[in-house]
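1. missing the sequence, but the structure's below:
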Ligand SMILES: Cc1ncc(COP(=O)(O)O)c(C=O)c1O
Ligand SMILES: [Zn+2]
């Protein structure tokens, strides 16, 4: 994994000797990158499932469009919205991960992701199922930010269930 | 001011391996040892219910509780001790006025004037009241600096205005509002004024009689006192005419199933066992503030705000939200390319506690077209090194997202 290297450069106010704690666990290069250049960003005109999500704590707001075929396979997914880096990167990574999956496989991913960000600190993430999504494992160190990471997942679930409500994380 | 920092035990700790830099004082302040001691001494030696017992402990508890009322009355220079009503905090104080005074004084078409920088606690109770009475809510807007548009006042404040609700010091912007002149203008059209002093009370001296304000609310926990306690001040003539807010013990003289008679002020508004330890702790906090002196505190915090503002202005990509001429103790800002919540998390990882969010003032966020801001807010125990640590941490955050 690519870690953010700037910690060790620049003088003045650095973590001395690495510090007990550092942020590389959370703001990895991947997250910073997906926040800056979100994948699958925009509207999917031919989508057959849609939902909005809102995290009132952060103000994160998402709209998700999903296109499934007759067998219930996810053909394409896109998102739009505004939010913190965690929420945007999470939506970007999720839309990448869900393409080509069946709705049932999406549910498996959902559960694995939820477990990863909410389980005990020392519980291991299911890397086999989650793949690249494990870059978000660090959010569990910041309980107030878990909602940011998981909002897009709830929003997709709401979309796939064709519910007409705004998804929240509770 | 340096000496007083030592009196706050919570400040002497490491957070995430770094010395704690606490800059979230607008949310709540830390408590000095004297407040912690007052609360603990009460529980260790004097705990009893107030106004009920004939025994020694109850008499001691009652004496301390009522002495606290006098301490607080004098601190704010209220004319009478029975004008000080103990409540859970600013929020409950506003709800009390909206329910009791509002329900008995508002008619359909009457207007309540608020400002564009009110905390949700000084918006929602009035909206609820408007729904119940048919009164109409009006809003005095704020300008690009985060100051009130005083030019718009003459159109908004009219004979229909029954109440003006205004925050003294904005928690989201740091703006100090010209309440003396607002009160004068409101009184000129016969409107009452409620001042939300939740933020101001720990940062500037307040003289309720000189202001001639009708209602004033504040919370102890933002003044170095305990959570869950605060005051509603109201002019005795207004409070006397108002119906009780909640029913229960202490607020009655006699109860029968046919009818009950109500107690006099302030007890009419203090139903049930109050937060006795909280009130005693509140008085200890007020004594602490008085010992240091608000003039010195205000000067120290003005120096801190000035130091922070200068650094913010030099910091490329940082934009201050709230640049009014009259400001105190709050630095609200956004950083280009970094969401305020990410900023909050990144500086927290360096031991610096700030707040990120809408600060319970969503209309202010809408006014500036922002989802949220980051906010550093200062207290008497902060120093320039705290501010330097904040800007170091902000610098790091900016580089992470560069
Ligand atoms: C300006 C202002 N008004 C009211 C409140 C509400 O205070 P409390 O939550 O203590 O009732 C706050 C607290 O954040 C505030 O900053
Ligand atoms: Zn977020």
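-> Cool, the structure landed. What you are looking at is a predicted structure, and each value in this text was computed from that prediction instead of being measured. Ligands and ions are numbered 1, 2, ... in the order given.
2. The residue of the stretch 201-350 of chain B at minimum distance from ligand 2 sits in which helix or strand?
-> Sorted by distance to ligand 2 under C-beta to the ion, the residues of the stretch 201-350 of chain B start with residue B:341, at 4.8 Å. Bear in mind the C-beta positions are built from the backbone N, C-alpha and C, glycine included. Under DSSP states H and E, the secondary-structure element containing residue B:341 is helix B:340-348.
3. one step back: which residue, neighbours along the chain excluded, lies closest to the residue of the stretch 201-350 of chain B closest to ligand 2?
-> With sequence-adjacent residues excluded and distances taken as C-beta to C-beta, 6 or more residues apart in numbering or on different chains, residue B:341 is closest to residue A:84, at 4.2 Å.
4. Count residues in the vicinity of the one you found, would you?
-> Around residue A:84 sit 28 other residues, with neighbours defined as other C-beta atoms under 10 Å in any protein chain shown.
5. quick one, helices of the stretch 151-300 of chain B?
-> B:153-156, B:179-188, B:208-211, B:236-241, B:276-292, B:294-314 (DSSP state H, counting those that start in this stretch).
6. Does anything pack onto the second one? Which helices or strands?
-> Spelled out, that is helix B:179-188. With contacts defined as 3 or more C-beta pairs under 8 Å, 6 or more residues apart in numbering or on different chains; DSSP states H and E, helix B:179-188 has these neighbours: strand B:161-167, strand B:192-196, helix B:208-211.
7. what about the strands in chain A?
-> A:49-55, A:60-68, A:74-82 (DSSP state E).
8. And the ones you listed: which comes nearest ligand 2?
-> Among the strands of chain A, strand A:60-68 comes nearest to ligand 2, with 4.2 Å by C-beta to the ion.
9. other SSEs contacting that closest one?
-> The contact analysis (3+ C-beta pairs under 8 Å, 6+ apart) places strand A:60-68 against strand A:49-55, strand A:74-82, helix A:85-98, helix A:146-160.
10. What angle do helix B:340-348 and the last one make with each other?
-> Between helix A:146-160 and helix B:340-348, the angle formed by their directions is 150 degrees, by axes from the mean of the first three to the mean of the last three C-alpha atoms, to 10 degrees.
11. could I get the strands of chain A as JSON lines with mean pLDDT and distance to residue B:103?
-> JSON lines is the format used below for these (pLDDT from 0 to 100; distance: least, C-beta to C-beta, whole Å):
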{"stretch": "strand A:49-55", "mean pLDDT": "94", "distance to residue B:103": "33"}
{"stretch": "strand A:60-68", "mean pLDDT": "95", "distance to residue B:103": "37"}
{"stretch": "strand A:74-82", "mean pLDDT": "96", "distance to residue B:103": "40"}
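12. Which residues of chain A lie near ligand 2?
-> Proximity of chain A to ligand 2 is confined to A:58, A:60, A:84, A:87, A:148 under the rule C-beta under 5 Å from the ion.
13. excluding its backbone neighbours, what's nearest residue 130?
-> Answering for chain A, as no chain was given. Nearest-residue entry for residue A:130: residue A:112, 5.3 Å, with adjacent residues in sequence omitted and distances by C-beta to C-beta, 6+ apart.
14. my question was about chain B
-> Closest residue to residue B:130 in three dimensions, ignoring its sequence neighbours and counting by C-beta to C-beta, 6+ apart: residue B:137, at 5.3 Å.
15. How much space separates that neighbour from ligand 1?
-> Note on residue B:137: its distance to ligand 1, by C-beta to the nearest ligand atom, to the nearest Å, is 17 Å.
16. Any buried residues in the helix or strand harbouring that residue, and which?
-> Taking DSSP H and E as the criterion, the element that holds residue B:137 is strand B:136-140. Buried residues in strand B:136-140, counting neighbours by 16 or more other C-beta atoms under 10 Å in any protein chain shown, are found at B:139, B:140.
17. Partner strands of it and their direction?
-> In its sheet, strand B:136-140 lies beside strand B:111-115 (parallel), with partners assigned from DSSP bridges.
18. just the residues of the stretch 201-350 of chain B that are near chain A, which are they?
-> Within the stretch 201-350 of chain B, the residues that sit near chain A (C-beta under 8 Å from any C-beta of the partner chain) are B:338, B:339, B:340, B:341, B:342, B:345, B:346, B:348, B:349, B:350.
19. Nearest to residue B:329, out of those: which one, please.
-> Nearest to residue B:329 among these, counting by C-beta to C-beta, is residue B:340 at 18.8 Å.
20. what's around that closest one, how many residues?
-> 25.
21. Show the pLDDT at it.
-> Among the per-residue scores, residue B:340 holds a pLDDT of 94.
22. how far away is it from residue B:373?
-> From residue B:340 over to residue B:373 the distance is 6 Å, taken as C-beta to C-beta, to the nearest Å.
23. again, but for residue B:244
-> Here the distance between residue B:244 and residue B:373 works out to 40 Å (C-beta to C-beta).
24. How about the contacts made by the residue in the stretch 201-350 of chain B positioned nearest to ligand 1?
-> Each residue of the stretch 201-350 of chain B has a distance to ligand 1, by C-beta to the nearest ligand atom, and the smallest belongs to residue B:219, at 3.3 Å. When contacts are counted by C-beta atoms under 8 Å, 6 or more residues apart in numbering or on different chains, residue B:219 touches B:89, B:90, B:91, B:198, B:229, B:230.
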